[in-house]
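Student: After the sequence you'll find the predicted model.
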Amino acid sequence: MLARPSVAPEEMTRPGHGRWSLGTRLTAWYTAASFLVVLAATGLVYGALAHNLDREDAEALATSIADVHMAVAGLGPLGGLREEVLFEAPISEPRIYLRVLDAGGHVRIATPGMSRLLPISEFSRIPVLDAVGRGTKVDVLPTKLGRAEGAPRSFLVAAVRMSGLGHGATIEAALDRSPENKLLGEFRGLLLWVLLLALGSCGVLGYLIARIEIRPLEDIARTATRIGSSNLSERIEAKPLAAELADLAGALNSMLDRLEAAFQRQDRFSADIAHELRTPLNNLRGEIEVTLSRSRTAETYREVLGSSLEEYDRLSQIIDSLLFLARSEDPTGQIDRADLQIRDELEAIRDYYEAAATEAGVSLEVAVNEPISVPGDRLLLQRAIGNLVSNAIRYTPLGGRVVISAAAIDDHAEIRVADTGEGVPPEHLPHIFERFYRVAASRTTASGGAGLGLALVSTIATLHGGTVSAKSFPGSGTTMTLRLPLS
């Protein structure tokens, strides 16, 4: 069996594969649209010219018939009628042919050569109009007849039944339209050249306009091609662009800003992870190397193992926190919600941290004056509030105070953890909820923190549709506010 030819994936994704470029399509559309406008304009001009020629010929033929009609209606002598016919249709190169028939259908007078060019039988299918009285307006019925000495000729013909000459005279008239047809033919030839020139001009102009308008897109594409993970700071210049392209450039620049910020956070996050994992690993390695350098007592080995176990716990906490943060970024992740009584949850958290607060010489209080219920995951909210309480106890000096309060404001519950500690400098306050961010690295490391506690609080608040914020003034304490929707 023959294998079916296939297209390589890189060819399928190659720009322009199997389709016209935007410049080509713009050129084609501009050429087609402008040429149609020119074609319509020339068609209107040609139609107007042909219509005016038809109208003028019809008026000329009607005028000639009216003059002959007046002569017939006046019952003038035959000689006068002959003079009238010959005056309306001169012998040399006549354009108007006239013929007067009596009631019996006999030709009384005719323009020389008319019977040869237009036999009476040619008028048999022309409706005969009745006109009575002098000065009666004669309407002309245009039609095309046809042959003269083997050469096709176009005539405008009419037949009118008049009074006089036996009370049944008929005037047959024809106008040779060969000059008009020649004029129209020459005009059509001229218009054809005009259309060909217009088509070429529209194509060239369309190409030039498309190239001018496409050039900014090509500049954007070239700039986007140069941008990579190593130079995310480059941006697209939007000022010289058209409004629509400026909006596109602005959107791309905003996307690049977000990507640059994400890459910076990722780089910082990776560096912080390496630092946080390296510290306990170095501690473990150093303790084990010192212990193994010579023989130790059993008590020393137990102390080393106990210290190693603490470092293992720290590593486990860091890894658990990182895994939680990674899972929380999954948009499909769900949390289990239940109606939680804030007073009961805060009382439970106070009982849990009471011993740590007493050991640190800090008073821990709960102040809730009204029943408040919020939907949420108990374990996650306890972890978030517990992190805030633990952080407040850690940085509140001996004899200080930590107050956990809650209140319902509008459609949200606000849970505040306020301490009387040293506070946070203003330049650090906007960053304290970032991962691995530490106000004082040495102090945080000494206290056993990894810089993930407040980041976990922010993530948990986001999962519950809430927010967390901080207010602090150096030397006067810090207030952390967890804001959660009531329903």
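Tutor: Yep, it's here. The shown structure was predicted, so the numbers you read here are calculated from the model rather than taken from an experiment. Numbers count the residues shown, from 1 in each chain.
Student: Report the beta-bridge partners for the nearest residue to Ala367 once chain neighbours are set aside.
Tutor: Distances taken as CB to CB, 6 or more residues apart in numbering put Ser405 closest to Ala367, at 4.2 Å, once the chain neighbours are dropped. Glycine gets a C-beta too; all of them are placed from N, C-alpha and C. Here Ser405 sits in beta bridges with Ala367, Arg416, as judged by DSSP bridges.
Student: now Ser405: how far from Lys471?
Tutor: Going from Ser405 to Lys471 by CB to CB, to the nearest Å gives 14 Å.
Student: And for Leu245?
Tutor: 44 Å.
Student: Which one's more surrounded, these two?
Tutor: Neighbour totals were compared for Leu245 and Lys471, and Leu245 leads with 17 against 14 (other CB atoms under 10 Å).
Student: and the helix or strand containing that one, what does it pack onto?
Tutor: If you go by DSSP states H and E, Leu245 is part of helix 243-292. Where contact means 3 or more CB pairs under 8 Å, 6 or more residues apart in numbering; DSSP states H and E, helix 243-292 is packed against helix 178-226, helix 298-328.
Student: Same list, the ones you listed, but as a markdown table with mean neighbour count, mean pLDDT and distance to Ser233 please.
Tutor: Below are the helices and strands packed on helix 243-292 laid out as a markdown table (neighbours: other CB atoms under 10 Å; pLDDT from 0 to 100; distance: least, CB to CB, whole Å):
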| stretch | mean neighbour count | mean pLDDT | distance to Ser233 |
| --- | --- | --- | --- |
| helix 178-226 | 14 | 86 | 11 |
| helix 298-328 | 14 | 77 | 27 |
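Student: Low-confidence stretches in the stretch 251-400 of the chain?
Tutor: For the stretch 251-400 of the chain, applying pLDDT under 70 flags the ranges 268-269, 272, 275-276, 321, 325-334.
Student: Quick one: distance of stretch 417-432 to the chain centre.
Tutor: Stretch 417-432 sits 45 Å away from the centroid of its parent chain (CA atoms, centre = their mean, to the nearest Å).
Student: Make 733 the starting number, not 1.
Tutor: In the new count, where the first residue is 733, that last one comes out as stretch 1149-1164.
Student: what is the rounded mean pLDDT of that stretch?
Tutor: Averaging pLDDT along stretch 1149-1164 gives 86.
Student: Pull out the buried residues from that stretch.
Tutor: Buried residues in stretch 1149-1164, defined by neighbour count with 16 or more other CB atoms under 10 Å: 1149-1156, 1161, 1164.
Student: Return the member of these nearest to Ser1190.
Tutor: Ile1164 (9.4 Å; CB to CB).
Student: Spatially nearest residue to that closest one (excluding sequence neighbours)?
Tutor: Leaving aside its sequence neighbours, Ile1164 sits nearest to Leu1186 (CB to CB, 6+ apart; 5.4 Å).
Student: and if you look at Leu964?
Tutor: Nearest in space to Leu964, with sequence neighbours left out and distances taken as CB to CB, 6+ apart, is Glu992 at 4.1 Å.
Student: and that neighbour, how many neighbours?
Tutor: Every residue meeting other CB under 10 Å relative to Glu992 is counted, giving 17.
Student: how does the protein divide into domains?
Tutor: Annotated domains of the chain cover 751-958, 975-1060, 1070-1217 [automatic domain parsing].
Student: which residues does Leu850 contact?
Tutor: Contact analysis of Leu850 by CB atoms under 8 Å, 6 or more residues apart in numbering lists 829, 877, 887, 889, 904, 906.
Student: who wins for neighbours among those?
Tutor: Counting neighbours by other CB under 10 Å, the top entry in those is Ala906, with 28 neighbours.
Student: For the helix or strand harbouring that one, list the C-alpha coordinates in CSV.
Tutor: Assigned by DSSP H and E, Ala906 belongs to strand 901-908. Only the C-alpha atoms of strand 901-908 are listed here, as CSV (Å, rounded to 0.1, in the frame of the first residue of the first chain):
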residue,chain,number,x,y,z
ALA,A,901,-52.5,58.7,-44.9
THR,A,902,-49.6,57.0,-43.2
ILE,A,903,-46.2,58.6,-42.5
GLU,A,904,-43.3,56.2,-42.2
ALA,A,905,-40.1,57.6,-41.0
ALA,A,906,-36.6,56.2,-40.2
LEU,A,907,-33.4,57.7,-38.8
ASP,A,908,-30.1,56.2,-39.7
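Student: distance of Leu964 from Ala993?
Tutor: From Leu964 to Ala993 the distance is 9 Å (CB to CB).
Student: Please identify which of those two sits among more neighbours.
Tutor: Per other CB under 10 Å, whichever of Leu964 and Ala993 has more neighbours is Leu964, with 16 against 11.
Student: Surely that one is in a strand?
Tutor: No - assignment of Leu964 by DSSP: H, G, I helix; E, B strand; the rest coil gives coil, placing it outside any strand.
Student: Let me know the pLDDT of it.
Tutor: On the pLDDT scale, Leu964 gets 76.
Student: thinking the residue nearest to Ala1099 is in contact with Val1100, fair?
Tutor: Yes - counting by CB atoms under 8 Å, Ser1137 touches Val1100, with 6.6 Å between them.
Student: which residues are in contact with both of the two?
Tutor: Counting by CB under 8 Å, 6+ apart, nothing touches both Ser1137 and Val1100.
Student: on contacts alone, who are the packing partners of the helix ranked longest in the chain?
Tutor: Ordering each helix of the chain by length in residues (DSSP state H) puts helix 754-805 first. Packing partners of helix 754-805 (3+ CB pairs under 8 Å, 6+ apart): helix 810-820, strand 828-833, strand 887-894, strand 901-908, helix 910-958.
Student: So for Arg1010, which of the ones you listed sits nearest?
Tutor: Per CB to CB, nearest to Arg1010 of the helices and strands packed on helix 754-805: helix 910-958, 35.6 Å.
Student: Okay, Val777 and Phe767: tell me how far apart.
Tutor: Going from Val777 to Phe767 by CB to CB gives 15 Å.
Student: where along the stretch 1033-1182 of the chain do the strands fall?
Tutor: Remark: strands assigned in the stretch 1033-1182 of the chain by DSSP state E, counting those that start in this stretch are 1070-1073, 1095-1100, 1105-1108, 1133-1141, 1144-1151.
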